[in-house]
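S.K.: Predicted structure and sequence below. I'll ask about it afterward.
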Amino acid sequence: MVATAAINDVHLDRYQVSIAQYINFRRDGFLIVRNLVSKDEIAELRQHTEDLMQGRLPEQQAAAKQLESSGGSVTVNDFGAPPEHLSPEEKANFFLRIHMLHRKLELHERFMLHPRVLDVLEVIIGPDLLALQTMLFLKPAQSAGQGWHQDSFYIPTMPDSLCGAWIAIDDCDEQNGAMWFAKGSGHEPVYPPCPEAGYGFGEKLLSDVRYVNGVSNTDDSKNALSRVADKYDQVLATMKAGDVAFFNGHVLHRSKQNWSTDRFRRSFVSHYCNARSFTQWGYDGAMKVERDPVTGMANGCHILARGDSHLPYAKPLFGTPCAALEPAEDRRKQSEFAARTIASMNNGLMGCAIADPTVAHDDHDDDEDAKKSGGY
């Protein structure tokens, strides 16, 4: 089970990000941290995933019974249970990915708020973290991949601080469809979609930016981002179960087909942003949270994982320890250090003061006062 140390207590296995890792993330747009999630935790996540694929989870069975008693269909339910008439092999191959299960399953919420994953995120995009999204990728043998794309194209945050954390449930390599990154492309703008493409976001104010189509298409000839990716070294992210890949929202990445005949490439992926970034993405009326009627802000649907925020946020539905469950006073203490580091002055203004237009600030007496107060 994942350790559930109180937030802001230093858990015994806290991950320490190195300077080299910090530089690699900034330079390359991604960082792979080896063995970040323990073998026991991965075994739990893998077993839970296999139970979900077969429709064995108690939540799936309860939902099916509820539908049956109401006379509804029991072949598909909110937890993605495959139709009962399928064989175990067919059930295992029924789904490619399932979204947002952290809002329905305790384990997915817990892995989204995994302390060691948050340790890394706290350094590279924190200290204030908002947990936005989860995706469970199942990718059975012979299934397709996903073409070049940028995650901020789909999940806009302003300022743009999006970061993914991709936990390998199975070992993954070129044979079973591991991810590829265009190394260094995290400095690229997010390319906007062609008007006829529909959904998608991008930076339209650059004078020479080109609209793109075919984003995520596995056919490079139809995916306009493939030409951008071709400017960079394309790196295969070979990973072992328990490794975690962190990647910013601009870096171009893709996966190819699972060419194996008997291997899955399962992964648990979450997305985060700095908790002080604004987003309209991810609104869910079922959470009984209202969007801001003026701005459309949806921050209140997402969980405050670490730090604090002046913006709305949600609490974890299953009570996983995180900053959202802390008293406001304790959260506030985490951000006070920023004011303290500015200067020793109580007002944080480094000895400066509000200008008074009636006073001549350039005379000798004022200079002496400034020197005494630390203004110089």
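M.R.: Perfect, thanks for sending it. Note that the coordinates shown come from a computational prediction; the quantities given were computed from them, not determined experimentally. Numbering: from 1, shown residues only.

S.K.: Could you use CA atoms for every contact and neighbour count after this?
M.R.: OK.

S.K.: any chance you could map the helices in the stretch 251-376 of the chain?
M.R.: Assigned by DSSP state H, counting those that start in this stretch, the helices in the stretch 251-376 of the chain fall at 328-342, 364-373.

S.K.: Where among these is average confidence lowest?
M.R.: Ranked on mean pLDDT, the bottom entry among these is helix 364-373, at a mean of 44.

S.K.: Please look at residue 259 and residue 142 and confirm they touch.
M.R.: Yes: shown here, residue 259 and residue 142 form a contact pair, counting by CA atoms under 8 Å, at 5.2 Å.

S.K.: just for the protein, where's the confidence low?
M.R.: Applying pLDDT under 70 to the chain flags residues 1-11, 67-78, 334-376.

S.K.: Nearest to the spatial middle of it, which residue is it?
M.R.: Geometric centre of the chain, nearest residue: residue 271, 1.4 Å, by CA atoms, centre = their mean.

S.K.: For the stretch 151-300 of the chain, which segments count as strands?
M.R.: Counting by DSSP state E, counting those that start in this stretch, the stretch 151-300 of the chain has strands at residues 163-168, 179-182, 234-237, 244-248, 253-255, 267-274.

S.K.: what lines up beside the second one in the sheet?
M.R.: Translated: strand 179-182. For strand 179-182, the paired strands and their directions (DSSP bridges) are strand 234-237 (antiparallel), strand 253-255 (antiparallel).

S.K.: how far does the first one sit from the chain's center?
M.R.: In terms of CA atoms, centre = their mean, to the nearest Å, the centre of strand 234-237 is found 20 Å from the chain centre.

S.K.: Now do the buried residues in it.
M.R.: Within strand 234-237, the residues that qualify as buried are 234, 236, 237, counting by 16 or more other CA atoms under 10 Å.

S.K.: so who does residue 312 touch?
M.R.: Contact partners of residue 312, counting by CA atoms under 8 Å, 6 or more residues apart in numbering, are 299, 300.

S.K.: I'd like the distance between it and residue 272.
M.R.: Look at residue 312 and residue 272: by CA to CA, to the nearest Å, they are 15 Å apart.

S.K.: Residue 221 too?
M.R.: Taking CA to CA, one finds residue 221 at 31 Å from residue 272.

S.K.: Comparing those two, which residue is more hemmed in?
M.R.: Using other CA atoms under 10 Å, the more surrounded residue of residue 221 and residue 272 is residue 272, with 29 against 11.

S.K.: State whether residue 98 is indeed within a helix.
M.R.: No: using DSSP: H, G, I helix; E, B strand; the rest coil, the assignment for residue 98 is strand, not a helix.

S.K.: Kindly state the beta-bridge partners for the residue nearest to it when sequence neighbours are not counted.
M.R.: With CA to CA, 6 or more residues apart in numbering as the criterion, residue 98 has its nearest non-adjacent residue at 5.2 Å, and that residue is residue 136. Per DSSP bridges, the residues bridged to residue 136 are residue 98, residue 268.

S.K.: Please report the distance of residue 136 from residue 109.
M.R.: As for residue 136, its distance to residue 109 is 12 Å (criterion: CA to CA).

S.K.: Please enumerate the shared neighbours of these two.
M.R.: residue 101.

S.K.: how about the strands of the stretch 151-300 of the chain in JSON lines, adding distance to residue 196?
M.R.: JSON lines is the format used below for these (distance: least, CA to CA, whole Å):
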{"stretch": "strand 163-168", "distance to residue 196": "28"}
{"stretch": "strand 179-182", "distance to residue 196": "26"}
{"stretch": "strand 234-237", "distance to residue 196": "29"}
{"stretch": "strand 244-248", "distance to residue 196": "27"}
{"stretch": "strand 253-255", "distance to residue 196": "23"}
{"stretch": "strand 267-274", "distance to residue 196": "27"}
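
S.K.: right, so of those, which gets closest to residue 149?
M.R.: Smallest distance to residue 149 across these (CA to CA): 5.8 Å, for strand 253-255.

S.K.: which residues touch the closest one?
M.R.: For strand 253-255, using CA under 8 Å, 6+ apart, the contacting residues are 145-150, 177-182, 216.

S.K.: now with 7 Å?
M.R.: 145, 146, 147, 148, 149, 150, 177, 178, 179, 180, 181, 182 (CA atoms under 7 Å, 6 or more residues apart in numbering).

S.K.: now it, how far from the centre of its chain.
M.R.: Its chain's C-alpha centre lies 16 Å from the corresponding centre of strand 253-255 when counted by CA atoms, centre = their mean.

S.K.: Buried residues, that strand. List them.
M.R.: Buried residues in strand 253-255, counted by 16+ other CA under 10 Å: 253, 254, 255.

S.K.: Would you map out the domains in the chain?
M.R.: Structural domains annotated on the chain: 19-340, 345-373, as defined by automatic domain parsing.

S.K.: Nearest to residue 88, out of the strands of the stretch 151-300 of the chain?
M.R.: strand 267-274 (20.2 Å).

S.K.: And that closest one, what does it pack against?
M.R.: strand 129-137, strand 163-168 (3 or more CA pairs under 7 Å, 6 or more residues apart in numbering; DSSP states H and E).

S.K.: and residue 304, which of those strands is closest to it?
M.R.: Checking the helices and strands packed on strand 267-274 against residue 304 by CA to CA gives strand 129-137 as the closest, at 4.7 Å.
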